[in-house]
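Student: need a 3D model of the sequence below.
(2 chains)
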Amino acid sequence: MPKTLSRVLLGATLFALACGGSKGPTPLVVYSPHGRDQLTLMEKTFEAANPDIDVRWLDMGSQDALDRVRSERANPQGDVWFGGPSTLFIRAAADSLLVSFVPTFAAATPERARGAGGFFHAVYETPTVIMYNSDAVKAADAPKDWDEVLAPRWKRKVLIREPFGSGTMRTIFGLLIQRGMKSPTDTGPGFQWLRRLDAQTKEYVLNPALLDQKMVRQEGVISLWDLPDILQEQKKGSPLGYVFPSSGTAVIEDCIAIIRGAKHLAAAKRWVEWVGSQQGQLLTARDMMRLPSRTDIPDDSLPDWVKMVRAEMKVAPMDWSLLADRGADWMTYWDRNVRGKGR
Amino acid sequence: MRGRPRGILLTLFLLWLVVYPLLMVVLDSVRGPSGWSLAQVAEFGRTPEEWQALWGSLWISMVSVVFAGAIGIPLAFVFERMEFPGRRILGALVALPAVLPPLVGVMAFLFLYGESGFLSRIVKGAFSLEDAPWRLAGAPAILLVHAYSMYVYFYLFTRAGLAKVDSSMIEAAQSLGASRSSTLFRVTLPLLGPQIIAAALLTFMTSLGSFSAPYIFGGGFRVMTTQIVSTKLNGNDAMAMVETVALAVVALVGLALFRWTSSERSVAAVGKGAPPARKLEQPVARWLAAVVGWAVAVVVLLPHATLILISFVPMRTWTTQLMPPVYTLGNYGALIREPERLRPLINSLWMAVVATVAALAVALWAGRAIVRRRVRLARVIDILTNVPWAVPGTVLAIALATTFSVNAPWAGRWVLVGTFFILPLAYLIRNIPLTAGPVIAGFRQLDPGLDEAAASLGASRWATLRRVTMPLLRPALLACGALAFATAVGDFVTSIVLYTFETRPISVEILSALRQNDIGIAAAFGVVLMLVSAGAMAVGTSR
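Tutor: Numbering: from 1, shown residues only, chains lettered A, B, ... in the order given. Predicted coordinates:
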């Protein structure tokens, strides 16, 4: 027994040392909510062109990523934070968690994609939409606008992704609150609307995968979600459809940034440049249904769906800095006074 | 004796390990942006939702104790006291919820009893219902999971106790004319007191710190563990600290109450030994018992079976059918083929091994100090090794993240957040009560003369420990080592807060697979975790 014990101890120690001390390509740690499929594809493609870099990604919600970057401030483990609405990045920049770095593709993107001070930059535009199960609901019957989601026929048929960990849901809720505002403090009508949504909601679902799964299994038939995820699911054969709300929708500036204290700064810069390069943007547009933020890509190389979506969607005006500023308080208020109170 | 520091080093070490991080959290909860402030505490006091969450945690834990006891204690009596066909194997099967780590168990429940799980679809199909017959959400769902996974504590502890109950006491009661039920309530159950209280304490603490079940099934139902995480996620760190302190206080009060009740109940009985299991004479009764036993075993094993079944289902092939249409080995292939999936498996294993070995070392150190050397601080050391019981996983994780994100070696703080030391350290702390209790008890039963004999034969202290003490403690070391290993390898609560790329464990990978809708992969990971735990338990109980 003692011999076995000491052998196990020795073995474990050696193994731990071996794990920590490996040499090789520069590791690049990426925190991202973009999901295994997209990240694996990007990792493989990028590493093929940059064999000296080993991309390691950790999959987490965008709000989780912010929390992680914040709690690792004393000893940053990540190099790049890839994915999440600009509101989260505005907060991170204000907390001095990011490095200022203006990539060369910045010039090819519209003004709204460029984060103040160069701390972050949008690489994708992610429209939020109304999602429905296309087996259970005919396209003609699906809600055409936000307000139609409140129709009595959808009572208890709406599923909502648990909004706390989700940048997408926070943005949608932000838009719905801002829509009713006459002044920056006038949140009453917005929360009243959300309370009615709460009454329609059957369940707050923990994560996007469970949301898709429950939608596919018809545990609910209507939801509010983002377009790329639905297009991805459609491609895999899931019976999901979407509607651009006729009164306009929030288009999330999906950003990328380098984390302050990143241990592999040079590699991080190369990754960011590549994600925003024409090649990187086309890769994700073709295979992963990500709407490129840069506008200088020739039309004939873009997939058809990009052109269709750009023509079809109507962008609602939003005060993003107000959302970044007040979003956390709104969510706290929602959690305490709206969640579960509409029924 | 020799003027050496009598247990001071060990006491300081344990203080640093289990008390110091908690202290940091308490300090952070009363620190505002500019100096000391009670503003957060006041806000906590003012907010009804916070109290609601605290109350939710408390009542869920108390009801879990009642449910788990109501299932576990009768089962223990049936399997310990009645002889019927298949008793031995069934008795072992009934303990198997213990090999389902928290997150994995919750996942299995989701696929089995969830709204579109097997059972609800069967019921829906059988009665041609329009909607699912029930929803697995909120407090009832949490209680169901708790009762299922925690009755094992009552079952195992009560069986162990029953095996030691002296039959002469029962015979005495019966010869004095006591009926069977009054013997049960006035003799047997009181004799089982310490075991039942220990099981109740374990259940209470585990429920209080339970995270997976409320995280996945909670919905709008508030408990403190999930409240802490969502407050932190929302960026309000100060409030998260106050919530953490509140949960820790409830847990510590609970621990103190339990210790206070159990200190007065210790009946030593040495006599004729336990009565033999009563053979059921009537064939009808025997078969009835066997049928009931098998039925219980089937219900108990359904989650395991569900998990195994789903681990063979390729992604996205199972939508609204009753049973999955396709089965392959693809998910297991992916675990081995894809290095980024294999890595979490290896991570979990080595971290659990390191944490278990370290926890056994601490336990031996404490056992020697308390029992052999009878240091003056023995009582303090004993209490310190028990404190981690009372610290819910979320609290511990946040405490470690707070304490070890600052580099101040003079204050015993190093930057460990983001390094690969922090997770094994967290597992170690959670394992200390699991190993220290049995090892200290084991030391108490050893004859001190053996040590002296070894010393008089010229053996060094190290040699005595290695060649005399440890072989004698072997059963205890194996049993609690296995339990500690299984706990660490399946940990989810602390891991989710503290993992890094280098150290991401299986449970985090399961969550990530669930996030991606890779239920098959998640289930395959779950099956592996289940087998590893079962293997550890088998080693631990082998004689």
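Student: what's the neighbour count on B:V26?
Tutor: The number of residues packed near B:V26 is 16, by other C-beta atoms under 10 Å in any protein chain shown. Quick note: C-beta positions are derived from backbone N, CA and C, even for glycine.
Student: and the next helix or strand past the lowest-mean-pLDDT helix or strand in chain B?
Tutor: In chain B, the helix or strand scored least confidently by mean pLDDT, DSSP states H and E is strand B:278-279, which has a mean of 68. Counting by DSSP states H and E, the element after strand B:278-279 in chain order, helix or strand, is helix B:283-310.
Student: what's the spacing between that following helix and its chain's center?
Tutor: For helix B:283-310, the distance from its own C-alpha centre to the chain's C-alpha centre is 24 Å (C-alpha atoms, centre = their mean, to the nearest Å).
Student: the next helix or strand after that helix vs helix B:283-310, what angle?
Tutor: Sequence order places helix B:330-337 as the next helix or strand after helix B:283-310, per DSSP H and E. Per axes from the mean of the first three to the mean of the last three C-alpha atoms, to 10 degrees, the angle that helix B:330-337 makes with helix B:283-310 is 60 degrees.
Student: for helix B:330-337, packing partners?
Tutor: If contacts are counted by 3 or more C-beta pairs under 8 Å, 6 or more residues apart in numbering or on different chains; DSSP states H and E, helix B:330-337 sits against helix B:339-367, helix B:519-541.
Student: pull the CA atoms of it into PDB?
Tutor: Extracted as PDB, the C-alpha positions of helix B:330-337 are listed here (Å, rounded to 0.1, in the frame of the first residue of the first chain):
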ATOM      1  CA  GLY B 330     -19.500   7.400 -32.500                       C
ATOM      2  CA  ASN B 331     -19.700   9.400 -29.300                       C
ATOM      3  CA  TYR B 332     -17.200   7.200 -27.600                       C
ATOM      4  CA  GLY B 333     -14.900   7.300 -30.600                       C
ATOM      5  CA  ALA B 334     -15.000  11.100 -30.500                       C
ATOM      6  CA  LEU B 335     -13.900  11.100 -26.800                       C
ATOM      7  CA  ILE B 336     -10.800   9.100 -27.700                       C
ATOM      8  CA  ARG B 337     -10.000  10.500 -31.200                       C
END
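Student: is it fair to say B:C480 lies in a helix?
Tutor: Yes. Using DSSP: H, G, I helix; E, B strand; the rest coil, the assignment for B:C480 is a helix.
Student: quick check, the longest helix along chain B touching chain A?
Tutor: Criterion DSSP state H: the longest helix present in chain B is helix B:48-81. Yes. Using C-beta under 8 Å from any C-beta of the partner chain, helix B:48-81 reaches chain A at B:E49.
Student: buried ones in that helix?
Tutor: Buried residues in helix B:48-81, counted by 16 or more other C-beta atoms under 10 Å in any protein chain shown: B:50, B:52-54, B:56-58, B:60-65, B:67-69, B:71-73, B:75-80.
Student: for the stretch 151-300 of chain A, what lies in contact range of chain B?
Tutor: A:164-165, A:203-204, A:206-210, A:212-214, A:216-219, A:236-238.
Student: phi, psi of residue 83?
Tutor: Because you didn't say which chain, this covers chain A. Backbone torsions of A:G83, given as degrees, to the nearest 10, read phi 120, psi 130.
Student: um, chain B though
Tutor: Main-chain torsions, B:E83, degrees, to the nearest 10: phi -110, psi 120.
Student: element containing residue 43?
Tutor: If you meant another chain, say so; for now it's chain A. Assigned by DSSP H and E, A:E43 falls in helix A:36-49.
Student: that's the other chain; I wanted chain B
Tutor: B:E43 is part of helix B:39-46, with elements assigned from DSSP H and E.
Student: just how off-centre is that helix within its chain?
Tutor: With C-alpha atoms, centre = their mean, you get 32 Å for helix B:39-46.
Student: buried residues in that helix?
Tutor: B:40-41, B:44.
Student: same question, stretch B:25-35
Tutor: B:25-26, B:28-30.
Student: got it, and stretch A:193-203?
Tutor: A:193-195, A:197-198, A:200-203.
Student: need the CA coordinates for it. PDB is fine.
Tutor: C-alpha atoms of stretch A:193-203 as PDB (Å, rounded to 0.1, in the frame of the first residue of the first chain):
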ATOM      1  CA  TRP A 193     -44.200  44.900 -22.100                       C
ATOM      2  CA  LEU A 194     -41.700  42.500 -20.600                       C
ATOM      3  CA  ARG A 195     -44.100  41.600 -17.900                       C
ATOM      4  CA  ARG A 196     -46.600  40.600 -20.600                       C
ATOM      5  CA  LEU A 197     -43.900  38.600 -22.300                       C
ATOM      6  CA  ASP A 198     -43.200  36.900 -19.000                       C
ATOM      7  CA  ALA A 199     -46.900  35.900 -18.900                       C
ATOM      8  CA  GLN A 200     -46.500  34.300 -22.400                       C
ATOM      9  CA  THR A 201     -43.300  32.500 -21.400                       C
ATOM     10  CA  LYS A 202     -43.500  28.900 -20.600                       C
ATOM     11  CA  GLU A 203     -39.900  28.500 -19.400                       C
END
